[in-house]
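**Student:** Need coordinates for the below:
(chains A and B)
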Amino acid sequence: MDKSTFEERKAIRGEMHASQRHDSAHKHVSGTADYIDDMPEPAGTLHGAFGMTDRAHAEITAMDLSAVAAVPGVVLVLTAKDMPHSNDISPSHLHDEPVLADGLVQFHGQPAFAVIAETRDIARRAARLAQITYRDLPHFTDILDAVAHGGQLVTQPLTLQRGDAEAELEKAPRRLKGSMRIGGQEHFYLEGHIALAIPGEDDEVTVWSSTQHPSEIQHMVSHVLGVPSNAVTVNVRRMGGGFGGKETQGNQFAALAAVAAKRLNRAVKFRPDRDEDMTATGKRHDFLVDYDVGFDDDGRIHAVHANYAARCGYSSDLSGPVTDRALFHADSSYFYPHVKLTSQPLKTNTVSNTAYRGFGGPQGMVGGERIIEEIAYQLGKDPLEIRKLNFYGEKGSGRDVTPYHQQVEDNIIAQIVAELEESADYQARRRAILDFNRESRVIRKGIALTPVKFGISFTMTAFNQAGALVHIYQDGSIHLNHGGTEMGQGLYIKVAQVIADSFQVDLDRVRITATTTGKVPNTSATAASSGSDLNGMAAFDAARQIKDRLVGFACERWQTTPENVSFVANHVKIGEELVPFPEFIKQAYMGRIQLSAAGYYKTPKIHWDRASGRGTPFYYFAYGAAVSEVSIDTLTGEYMVDRVDVLHDVGRSLNPAIDLGQIEGGFVQGMGWLTTEELWWDDKGRLRTHAPSTYKIPLASDRPKIFNVKLAEWSANAEKTIGRSKAVGEPPFMLPISVLEALSMAVASIADYRECPRLDAPATPERVLMAVERLRNR
Amino acid sequence: MPQPNGSISFILNDREVALSDIAPTATLLDYVRLERRLTGTKEGCAEGDCGACTVLVGRLVGDRLVYESVNACIRFLGSLQATHVVTVEHLAGSDGTLHPVQQAMVDFHGSQCGFCTPGFVMSLYGLWLGNDDPSHADIEKALQGNLCRCTGYEPIVRAAEAAAKARPSEVFDPIVRERETITARLKALAPTETITIRRDDDCLIVPADSDGLARALADNPGATVVAGSTDVGLWVTKQMRPISPVIFINGITDLQQIDVRADGLTIGAGVSYTMAHAALAKTFPGFGPLIDRIGGEQVRNMGTIGGNIANGSPIGDSPPPLIVLGATVTLRSKDGRRTLPLEDFFIAYGKQDRKPGEFVESIFVPSLPADDHFAAYKISKRRDEDISALLGAFRLSVEDGVVRSARIAFGGMAATPKRATNVEAALIGKPWSEETVRNAQAAFESDYQPLTDWRATSDYRMLAAKNLLMRFFLESGGETAQLVRFAAGDR
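**Tutor:** Next comes the predicted model:
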């Protein structure tokens, strides 16, 4: 059976491809959606707080915690030595990430102990009373500092290579080199990290964790406690945002809560303050990209050589796959005939950077688009012209192979860009802006159209599997569970639509239940945009199994053949007879039919050999494009985003309303990354932008003043994904590269567009003004 | 004498509470979440910057019951006497029917992860109560203090527009329905004498009027005086500093008077930014847009200009424009009053000319001669709800094309809000021309040696300061020299 096609049945509420509200929307607005801190606490619940260090790199020579322990209400003080089995929560299994610093501080703020007390307030106050003595060690927080001091890496770098880039660079008619800094980004999920551990019998413990990866929390807790995985159950109903920040970073909170809960036999909750969360958990990697490109007078690229150096922080965490994905996207949407790309995952004395929406891909793509921009300014052309010239060609065109030797088979970027160029009236607006800039003294405008091509699948092939559990009860109500987590992205409702559609029952017959390791085991993180692709298919598989049994039952009970049995609008149709779904289910139960199934899915086709840098790491690509128009104030560097038009490809959308929300939200989040969101460390290695008062994510008044977002409704996934849909979580995040480039154009007007302003990201008002100033002084 | 065992009485949603056992540092957010289990109100940042904890607080202004959005995370429980606290749980009908604001948020997909949503609902509700036809500018302003990381805000703005069309007469609304009853109950709760709550070594004082404040401060000269708590709130939630003895002055109505006269404007120290906005914007048009960029709506509803001055921050937004306007500050104690120029009040970083027992009573801002040019420009990394990297205020009079007088002051350029006297000197007596401006720009370097920090580098601050003088010059000649998101009449 082709899972990608369904009969047209319009009679149910909440079928696939229909716009549906988020399943929790009515609870969100009334304050009744429970996040972990809202759940009723078990009697006697205790509260944890970190004891943080104040050195970027130092040996702890002494740690006197007597004053901490002496505070009335403090029940327990934990240090590294108190971890029952292991102090290691390294998600890369390189054993480089302690739960609590054990004698060595590797970033400013790294937790060295934890206080467990009767109230959170007591725990927080007590945690400040420690006397820690240090022996300072030299610290490096910045990429260039790290390189200058030996360039130690946290994990193996990657090289992607095709053709002979060195030789072709020499031969190319034109050649230019440059470098660009791309800043990191704090996730700023509105709900900070939290874990609630409830001790059970024997070695058991249940942990409620705000995590995108319950299975990893389970593994880490069992590893730290020294108990088998079957003793640990991890639950999460919803997160107040994740964005990658809750893929691995919840481990320390869950581990500490579980250790304390087992030791004290009381429930323990661990919820850091926002400043502590921002100080002690990882962020998007910042990069320094050095590029060298050879091209001809038309702007056609001959060869690219680029190095992507990343600030990884003190440990590996996910820096390997993040920097890999940066290289996978350094081509953006462009064919590089000869290419050599290298990654440099640098160790720094900063918090260990981690997953963040796009997972290195956005940084890779920003570098690729900067190369296009450089070529355009050198040739005096519109960057869009250079883009079109270098797009990947049709399959079989000879211009369809990526730097990792995957053939691009589903390329629709030219069509997307052409349609958007037309619908957004790009050419006329660009001409008008060029005219405006000739006349305007202080205010200058810029416009840019940039494409997105984003590879979908975990590059770690094993992670591309998922499970689901579906029960139908005797009253015909359906219980749905799967391995994906809900962080606001609408995964639960999409998968519920798959089930409603499969059984042809109204969506409200399907109950969505909290993700738990006890129902679906060995899950992958809800990450890499894969949630609905993987879990949708696993749920579909579970439904298929039950439906097969139900059809068999109907054939036997009604003495007919399968082609005469169908699921139609809250009924089962057998021959000409319509049996209401609940009644049919009751009969199936009486006929001793198993009404429960575990579904499973693994992504086909993909493989990846990292050592050789060759393979097909991605099942398919998601595409999109955006036109952004901005104005800048050349006296202060302040700017505004005047208009944005987006055309984005989600294949055949499972839920257009949810997908539009992902695109709009992803755009604004990506725009924040490239504009006002700046991470700033002082000379002591302290992150000083560790709260919303100092770290500025976009507000309603920062969103594009005119914001037109459309789905490419003609698109359907070339691969047999669930309903021929495409992943939507990450790809739109890269659309606002157009904002950065539009700012760049506005700056470039100062020197009559003869020079690429080389605007680094984030393009804060300061960076914009300083770029203006550089061009003025030429 | 104050009663030693007073209590704080207010209405929480539909029931009256009287609390006699309150720590000075207890916050409204912890109270509703931990003690009342009203968990719809969320903690996002505990510093008044994200809005997840937004609730409405109703209070009587004269005879009028006014509801304002506030940040429960930095609103002290002890500051709630005679108020009506409305949390998100109060909005829906008892049968679960959603309020129009909530329903619009559902219909327009205004929530994704949902964690910020109750705060947005409350901010939108505050807007909905007071504005039945909000423009995009109104909506954005009402939402400046609310962060959403998921939606990109577009659906929330659409929801706000849609909700405005469903008005109180047509739908159930708890505040509209109860307005008269609540007004009467709050009148009854208005304090007539100082409330004092002692708890172990802690002392919390709520004077009924400014005389009571003067006495309380005389008795407790080291007390922390708290008006809007938009700064002191963070001392507690972030630095865990003790603030006892504390005096909450936000309910003192005689400090909330605005007196508009021909010679100028007197603003009581307890006047919030929101309350000051109309008078200041009307008298000094350059002031209005600046106030709209101080904090978010919740912070403007709580924070006071008096507090902005009294705490002496070098990056407070109101002192530079007030200094160039020649404002004076009146300090009061039990022994009397004294008045001094505002610029003399700021002595050094963290040091103001306020003696123990004194409090800021009022600010007088003299009227601006009709021909004077006045402008205040705030520069921040993010346009709204951000702390200034620098803020320049300019006032100039020109006679026959020659600069007759000039007053320029900046925040963010020195350890205190400070005049640019050398720049002023370079302008006075010169033709008001681009050449004069260019020559005067260099003088900024003798007036200021700004710092580098996370908001801006020293170089940027200096360059932007110089350029703001150019902006002021260009604008004084009618040229467009800054970005405006919504032009007049633009919705």
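**Student:** B:R337: neighbour count?
**Tutor:** 12 (other CB atoms under 10 Å in any protein chain shown). In short, each C-beta sits where N, CA and C put it, glycine included.
**Student:** Give me the helices and strands touching the helix or strand hosting it, please.
**Tutor:** Element membership of B:R337 [criterion: DSSP states H and E] is strand B:336-341. On a contact count with 3 or more CB pairs under 8 Å, 6 or more residues apart in numbering or on different chains; DSSP states H and E, strand B:336-341 meets strand B:328-333.
**Student:** Distance from the strand it packs on to the middle of the chain?
**Tutor:** Relative to its chain's centre, strand B:328-333 lies at 20 Å (CA atoms, centre = their mean, to the nearest Å).
**Student:** do stretch A:240-254 as well
**Tutor:** Counting by CA atoms, centre = their mean, stretch A:240-254 is centred 11 Å from the centre of its parent chain.
**Student:** same thing with stretch A:559-573?
**Tutor:** With CA atoms, centre = their mean as the basis, stretch A:559-573 stands 41 Å off its chain's centre.
**Student:** cool, stretch A:530-550 as well?
**Tutor:** On the basis of CA atoms, centre = their mean, stretch A:530-550 sits 24 Å off its chain's mean C-alpha point.
**Student:** Give the buried residues for the strand holding B:R337.
**Tutor:** By 16 or more other CB atoms under 10 Å in any protein chain shown, strand B:336-341 has no buried positions at all.
**Student:** And the pLDDT for B:P2?
**Tutor:** In this model, B:P2 is scored at 44, pLDDT.
**Student:** no no, B:R167
**Tutor:** 79.
**Student:** Also A:K10?
**Tutor:** pLDDT recorded at A:K10 is 52.
**Student:** Same check on A:T5?
**Tutor:** On pLDDT, A:T5 comes in at 42.
**Student:** How about A:T523?
**Tutor:** With respect to pLDDT, A:T523 scores 96.
**Student:** Which residues of the stretch 201-350 of chain A lie near chain B?
**Tutor:** Contact residues, the stretch 201-350 of chain A versus chain B (CB under 8 Å from any CB of the partner chain): A:R238, A:M239, A:G240, A:G241, A:G242, A:F243, A:D273, A:R274, A:D275.
**Student:** May I ask which two of those residues are separated the most?
**Tutor:** Taking CB to CB, the two most distant members of these are A:R238 and A:D275; they sit 23.9 Å apart.
**Student:** quick one: which of the two has more around it?
**Tutor:** Using other CB under 10 Å as the criterion, A:R238 and A:D275 rank with A:R238 on top: 26 against 22.
**Student:** Could you pull up the contacting residues of the more buried one?
**Tutor:** Counting by CB atoms under 8 Å, 6 or more residues apart in numbering or on different chains, A:R238 makes contact with A:S24, A:A33, A:D34, A:Y35, A:E486, A:M487, A:G488, B:C113, B:G114.
**Student:** Make sure it is indeed in a helix.
**Tutor:** No: per DSSP: H, G, I helix; E, B strand; the rest coil, A:R238 lies outside any helix segment and is coil.
**Student:** how about B:I11, phi and psi?
**Tutor:** Main-chain torsions, B:I11, degrees, to the nearest 10: phi -110, psi 130.
**Student:** Verify the stated contact: it with B:T183.
**Tutor:** No: with contact defined as CB atoms under 8 Å, B:I11 does not count as touching B:T183 (11.0 Å).
**Student:** hang on, the earlier thing: would you mind putting the CA coordinates of the strand holding B:R337 into PDB?
**Tutor:** Output of strand B:336-341 as PDB, limited to C-alpha atoms (Å, rounded to 0.1, in the frame of the first residue of the first chain):
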ATOM      1  CA  GLY B 336      11.000  69.900  55.000                       C
ATOM      2  CA  ARG B 337      11.700  70.200  51.300                       C
ATOM      3  CA  ARG B 338      14.600  71.300  49.100                       C
ATOM      4  CA  THR B 339      14.700  71.800  45.400                       C
ATOM      5  CA  LEU B 340      17.800  71.400  43.200                       C
ATOM      6  CA  PRO B 341      18.500  71.200  39.400                       C
END
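**Student:** Given it, what are its sheet partners and their directions?
**Tutor:** With DSSP bridges as the test, strand B:336-341 is paired with strand B:328-333 (antiparallel).
**Student:** what sits up against the partner strand?
**Tutor:** B:210, B:214, B:217-218, B:309, B:337-342, B:345, B:353-355, B:357-364.
**Student:** In the chain, spot the helix with the most residues.
**Tutor:** Picked chain A for this. In chain A, with assignment by DSSP state H, the single longest helix is helix A:531-558.
**Student:** my bad, chain B
**Tutor:** Per DSSP H, chain B has its longest helix at helix B:458-476.
**Student:** which parts of it are buried?
**Tutor:** B:460-476.
**Student:** Now narrow those to whatever sits close to chain A.
**Tutor:** Contacts with chain A within the buried residues of helix B:458-476, counted by CB under 8 Å from any CB: B:Y460, B:L463, B:A464, B:N467, B:L468, B:M470, B:R471, B:L474.
**Student:** Please identify which pair of those lies farthest apart.
**Tutor:** B:Y460 and B:L474 (20.0 Å).
**Student:** Run the chain-centre distance for the helix or strand where A:V768 lies.
**Tutor:** Taking DSSP H and E as the definition, one finds A:V768 inside helix A:765-776. Centre-to-centre, helix A:765-776 and its host chain are 32 Å apart (CA atoms, centre = their mean).
**Student:** Any buried residues in that helix, and which?
**Tutor:** Buried residues in helix A:765-776, counting neighbours by 16+ other CB under 10 Å, are found at A:P765, A:E766, A:R767, A:V768, A:L769, A:M770, A:A771, A:V772, A:E773, A:R774, A:L775.
**Student:** for stretch A:148-158, same thing?
**Tutor:** By 16+ other CB under 10 Å, the buried positions in stretch A:148-158 come out as A:L153, A:V154, A:T155, A:P157, A:L158.
**Student:** hang on, the earlier thing: tell me what the longest helix of chain A is packed against?
**Tutor:** strand A:465-472, strand A:478-482, helix A:491-503, strand A:565-568, strand A:571-574, helix A:581-590, strand A:596-602.
**Student:** out of these, deepest packed?
**Tutor:** Among the helices and strands packed on helix A:531-558, helix A:491-503 has the highest mean neighbour count (mean count of other CB atoms under 10 Å in any protein chain shown), at a mean of 27.
**Student:** tell me which strands and helices that helix is in contact with?
**Tutor:** Here helix A:491-503 touches strand A:465-472, strand A:478-482, strand A:510-512, helix A:531-558, going by 3+ CB pairs under 8 Å, 6+ apart.
**Student:** Tell me the secondary structure at the residue in the stretch 351-500 of chain A positioned nearest to chain B.
**Tutor:** Distances between the stretch 351-500 of chain A and chain B by CB to the nearest CB are smallest at A:G488, namely 2.8 Å. Classification of A:G488 by three-state DSSP places it in coil.
**Student:** which ones are touching it?
**Tutor:** A:H22, A:R238, A:M239, A:G240, A:G241, A:G242, B:S111, B:Q112, B:C113, B:G114, B:F115, B:C150.
**Student:** swap in B:L280?
**Tutor:** B:L265, B:I267, B:F287, B:G288, B:I291, B:V365.
**Student:** Please tell me which one of those residues counts the most neighbours.
**Tutor:** B:I267 (27 neighbours).
**Student:** tell me the pLDDT at the nearest residue to that residue once chain neighbours are set aside?
**Tutor:** Excluding the flanking residues, the one nearest B:I267 by CB to CB, 6 or more residues apart in numbering or on different chains is B:I363, at 4.9 Å. pLDDT, B:I363: 98.
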